[in-house]
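A.B. asks: The following block contains a protein sequence and its predicted model.
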Amino acid sequence: MCYTAKYLIEKALKRARHYGVKEDIIRYEQELKNFKDFEKVSGFTHPEIIIYTNEEPYHPILSHWGLIPHWAKDIKQAHNIWNKTLNARAESLFEKPSFRDSATHKRCLIPVAGFYEFHHLNQTTIPFYISSHDDEPLMLAGLWSEWLNPDTEEKLNTCSIVTTTANELMAKIHNNPRLKEARMPLILGEEKQEDWLQSTNKENIKSLISPYPEEKIKAIKYKEKTKAPQNGALPFIFDDD
């Protein structure tokens, strides 16, 4: 995935101004100026990314990619879970123990400039960069959680990106032979974002889940070829079942 500090500042200010939270604008600028830019970041490094939570919908906060549920009892269990929760399948949000509580009570929005996906061809992979058709930011649906380390009493904010079935464009790109079906992140248009954060009705939340229209995104081949990942780690989207 890819985002820039400049973009995050602009997004935070735009959202604050939209909702009239003027007193936070200076605070946002100060926090966001120090963010590092990431490009093609791997979720397995658990980088800090920006989220807007249902509890603080107008204030961007940092959260580690990879959700640790609040009930993880120790470091060992937390780390065993961490690499398995980078993505959360939309179809099973309310069934899986790792995601069930967050799906009900702790949803978030994750702003990105775009993301990378690898197309498999023979023994190589070809990276594509996916972004909005008009180069505006994309807002991804996410889940978040706070986990308290019992040894250090440090509170860790973590998150997961929700995925859904791929639209026609993404299905052509996301063809990993190891997976049963093509996936894509759950991208939310402006008309769905507040409902995703604030809805308390499970059926209403489920109604927000659908592939983003293919005409609203574009895919650009990043470079001709790269060696296939040896560790099975994809740069952004993968099936976590």
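C.D. replies: Now that the structure is in, tell me what you want to look at. Residues are numbered from 1 along each chain as shown.
A.B. asks: Tell me how many other residues crowd Arg17.
C.D. replies: Neighbourhood size, Arg17 [other C-beta atoms under 10 Å]: 13. In short, each C-beta sits where N, CA and C put it, glycine included.
A.B. asks: Ser210 now?
C.D. replies: For Ser210, the neighbour count with other C-beta under 10 Å is 15.
A.B. asks: Look up which helix or strand it falls in, please.
C.D. replies: Using DSSP states H and E, Ser210 maps to neither a helix nor a strand.
A.B. asks: Which strand or helix spans the closest residue to it other than its chain neighbours?
C.D. replies: Leaving aside its sequence neighbours, Ser210 sits nearest to Thr164 (C-beta to C-beta, 6 or more residues apart in numbering; 6.7 Å). Here Thr164, judged by DSSP H and E, is contained in strand 155-165.
A.B. asks: Against which helices or strands is whichever helix or strand comes after that strand packed?
C.D. replies: Tracing the chain C-terminally past strand 155-165 and defining elements by DSSP H and E, one meets helix 168-173 next. In this structure, helix 168-173 makes packing contacts with strand 115-121, strand 124-132, strand 217-221, judged by 3 or more C-beta pairs under 8 Å, 6 or more residues apart in numbering; DSSP states H and E.
A.B. asks: now do 6 Å
C.D. replies: The helices and strands touching helix 168-173, judged by 3 or more C-beta pairs under 6 Å, 6 or more residues apart in numbering; DSSP states H and E, number zero.
A.B. asks: buried residues in it?
C.D. replies: Leu169, Met170, Ala171, Ile173 (16 or more other C-beta atoms under 10 Å).
A.B. asks: One more: stretch 55-69?
C.D. replies: Within stretch 55-69, the residues that qualify as buried are Pro57, His59, Pro60, Ile61, Ser63, His64, Trp65, Gly66, Leu67, Ile68, Pro69, counting by 16+ other C-beta under 10 Å.
A.B. asks: Quick check: phi and psi on the third one?
C.D. replies: Dihedral angles phi and psi of Pro60 (degrees, to the nearest 10) take the values phi -70, psi 140.
A.B. asks: And it, how far from Pro150?
C.D. replies: For Pro60, the distance to Pro150 equals 28 Å [C-beta to C-beta, to the nearest Å].
A.B. asks: thinking again about what came up before, which one of the buried residues of helix 168-173 sits closest to Thr125?
C.D. replies: Using C-beta to C-beta, Ile173 is the member of the buried residues of helix 168-173 that lies nearest Thr125, at 10.6 Å.
A.B. asks: The closest residue to that closest one other than its chain neighbours and Arg178: what is the separation?
C.D. replies: In space, and not counting its chain neighbours, Ile173 is closest to His119: 4.8 Å by C-beta to C-beta, 6+ apart. Distance of His119 to Arg178, given as C-beta to C-beta: 14 Å.
A.B. asks: higher neighbour count, the two?
C.D. replies: When His119 and Arg178 are compared for neighbours, His119 comes out ahead with 16 against 9, by other C-beta under 10 Å.
A.B. asks: what about Ser145, which SS state?
C.D. replies: strand (DSSP: H, G, I helix; E, B strand; the rest coil).
A.B. asks: What's opposite it in the beta bridge?
C.D. replies: Beta-bridge partners for Ser145, by DSSP bridges, are Thr158.
A.B. asks: Kindly provide the distance from the residue nearest the centre of the chain to Phe115.
C.D. replies: For the chain, Ile161 is the residue whose C-alpha lies nearest the centre (C-alpha atoms, centre = their mean; 3.4 Å). Distance, Ile161 to Phe115, using C-beta to C-beta: 9 Å.
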